[in-house]
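K.L.:
With the sequence up front, the predicted model follows.
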Amino acid sequence: MAKSLKRTGMRIVVIGLGRFGASVARELIAQGAEVLGLDVDERRVQRISDDLTFAAVADSTDEEALKQLGVPDFAHAVVSIGSDLEAGILTTSLLSEFRIPNIWAKATSHQHRRILERVGAHHVVLPEHEMGERVAHLVTGGKMLDYVEFEQDYAMVKAHAPRSIVGKALKDSGVRHKYGITVVAIKHPGEDFTHADYDTVVQEGDVLIVAGRNEAVEAFADVN
């Protein structure tokens, strides 16, 4: 993703510079994007202004203020207004009216998420809820090293390779038939993750990233 941003010179407006918004904005800068940060709180803007391409104090529910800052010209926007739900919804609606093609918004509940989607958000995240789910799965998931759920009942898990498939090529391991999962990446000891294919041979100490239904990937992570 970093290479893509640097190559395209992506310009992104981040509205709401609390902890989540500021973190997103700084990471986008680190990945090579040009970032305009906006917040109604002058102190938040001052804290992050040196890190961003440009930062300004602005009421994001004010259509004229957004136009003066050139927000309608951005192709990407992140709305991270958590404490004022009405402001977040109105801001998302304005961005939609500007026909910004890629709007991400932060929600605090599933109901809030549905409203944001209805007023024009293309992508909605619930950071606290999603992190809570992730931690719960890791706490109860036995040997799982990491867990990411993409859609309902479908996830990817990072786990140690079970001893039963060490020394075998994935095509001969039977993991897809036996466990209902697909190995998508593999990390040999001392190396980085690489794409896994049918001819990849599993070594002792390997770490795998596997995809499949929740129950299937969780069960595979517990295989010895």
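P.N.:
Structure received. Numbers count the residues shown, from 1 in each chain.
K.L.:
Check the offset of stretch 178-194 from the chain's centre.
P.N.:
21 Å (CA atoms, centre = their mean, to the nearest Å).
K.L.:
Could I get the average pLDDT for that stretch?
P.N.:
Within the predicted structure, the mean pLDDT of stretch 178-194 is 92.
K.L.:
Which residue is most remote from the mean position of this structure?
P.N.:
Going by CA atoms, centre = their mean, the residue of the chain most distant from its centre is G167, 34.3 Å out.
K.L.:
ranges for the helices of this protein?
P.N.:
2-8, 19-30, 42-48, 63-68, 85-97, 110-118, 127-140, 170-173, 175-179, 214-221 (DSSP state H).
K.L.:
Which one, of those, ends up nearest to V201?
P.N.:
helix 170-173 (8.0 Å; CB to CB). The C-beta positions use only the backbone N, C-alpha and C, and glycine is treated the same way.
K.L.:
tell me which residues in that closest one are buried?
P.N.:
170, 173 (16 or more other CB atoms under 10 Å).
K.L.:
tell me which residues form a beta bridge with the residue most central in space within the chain?
P.N.:
For the chain, the residue sitting closest to the mean C-alpha position, by CA atoms, centre = their mean, is V125 at 8.0 Å. Beta-bridge pairing for V125 (DSSP bridges): K106.
K.L.:
residue contacts, it?
P.N.:
For V125, the contacting residues are 104-107, by CB atoms under 8 Å, 6 or more residues apart in numbering.
K.L.:
Can you check these and name whichever has the most neighbours?
P.N.:
A105 (28 neighbours; other CB atoms under 10 Å).
K.L.:
Could you measure from that one over to D39?
P.N.:
15 Å (CB to CB, to the nearest Å).
K.L.:
next one: S83
P.N.:
Note on S83: its distance to D39, by CB to CB, is 11 Å.
K.L.:
Go through the helices of the chain and name the closest to F193.
P.N.:
With CB to CB as the yardstick, what comes closest out of these is helix 170-173 (14.8 Å).
K.L.:
Show me what that closest one packs onto, helices and strands only.
P.N.:
On a contact count with 3 or more CB pairs under 8 Å, 6 or more residues apart in numbering; DSSP states H and E, helix 170-173 meets no helix or strand.
K.L.:
ok, now with 10 Å
P.N.:
When contacts are defined as 3 or more CB pairs under 10 Å, 6 or more residues apart in numbering; DSSP states H and E, helix 170-173 packs onto strand 181-187.
K.L.:
one step back: the helices of the chain: which one's closest to Y198?
P.N.:
Here helix 170-173 is closest among these (CB to CB), at 3.8 Å.
K.L.:
what residues go with each domain of the chain?
P.N.:
The chain breaks down by the TED database into domains covering 11-125, 130-222.
K.L.:
what about the closest residue to L28 other than its chain neighbours, distance to E27?
P.N.:
Once flanking residues are discounted, L28 sits nearest to V35: 5.1 Å by CB to CB, 6 or more residues apart in numbering. Distance, V35 to E27, by CB to CB: 10 Å.
K.L.:
what does L116 give?
P.N.:
21 Å.
K.L.:
What is the least confident helix or strand in the chain?
P.N.:
helix 2-8 (a mean of 38; mean pLDDT, DSSP states H and E).
K.L.:
Tell me which residues touch the residue lying closest to H122 once chain neighbours are set aside, please.
P.N.:
Spatial nearest neighbour of H122, excluding adjacent residues (CB to CB, 6+ apart): I103 at 5.0 Å. Counting by CB atoms under 10 Å, 6 or more residues apart in numbering, I103 makes contact with 13, 74, 76-79, 91-93, 95-96, 116, 119-124.
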